[in-house]
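Engineer: no sequence on hand, only this structure:
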């Protein structure tokens, strides 16, 4: 099973400032237990050769991540899914 690495401080601040702490913890547990859980909508982003993936935290926010050796996952950013 994958394990999400400790978040960088800027990502922790983003989660806190956008009041996503509970949603983040729920999504993190779901992902670590089953990365393909339907509610996460995990996907490989374009361009695919960069190997950057995302999963849903809620309807508005997604976590972008890369896969590291030994089933480690590094969250590189959390962003709004739809931008207008």
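Structural biologist: It's in. Model, not experiment: these values are computed from the prediction. Numbering: from 1, shown residues only.

Engineer: need the helices for the chain, in chain order.
Structural biologist: Per DSSP state H, the chain carries helices over the ranges 9-17, 21-33.

Engineer: would you turn those into TSV with mean neighbour count?
Structural biologist: C-beta here means a position set from N, CA and C on the backbone, and glycine is covered the same way. Below are the helices of the chain laid out as TSV (neighbours: other CB atoms under 10 Å):
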stretch	mean neighbour count
helix 9-17	13
helix 21-33	16
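
Engineer: mind checking these for the one nearest to residue 71?
Structural biologist: helix 21-33 (9.7 Å; CB to CB).

Engineer: center of the protein, which residue is that?
Structural biologist: For the chain, the residue nearest the mean C-alpha position is residue 63 (2.7 Å; CA atoms, centre = their mean).

Engineer: pLDDT score for that residue?
Structural biologist: Looking at residue 63, its pLDDT reads 98.

Engineer: ok, the one 3 residues further on next?
Structural biologist: Residue 66 is assigned a pLDDT of 98 by the prediction.

Engineer: quick check: bridge partners of it?
Structural biologist: Per DSSP bridges, the residues bridged to residue 66 are residue 74.

Engineer: before we move on, back to that, which residues does the residue nearest to the centre of the chain contact?
Structural biologist: Residues in contact with residue 63, defined by CB atoms under 8 Å, 6 or more residues apart in numbering, are 24, 27, 54-55, 57, 75, 77-78.

Engineer: how much space separates residue 51 from residue 71?
Structural biologist: Using CB to CB, to the nearest Å, one gets 15 Å for the distance from residue 51 to residue 71.

Engineer: ugh, wrong one, residue 38
Structural biologist: Counting by CB to CB, the separation of residue 38 from residue 71 is 21 Å.

Engineer: ok so, going back, now render the helices of the chain as JSON lines, adding distance to residue 42 and mean pLDDT.
Structural biologist: As requested, the helices of the chain are exported to JSON lines (distance: least, CB to CB, whole Å; pLDDT from 0 to 100):
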{"stretch": "helix 9-17", "distance to residue 42": "18", "mean pLDDT": "98"}
{"stretch": "helix 21-33", "distance to residue 42": "7", "mean pLDDT": "98"}
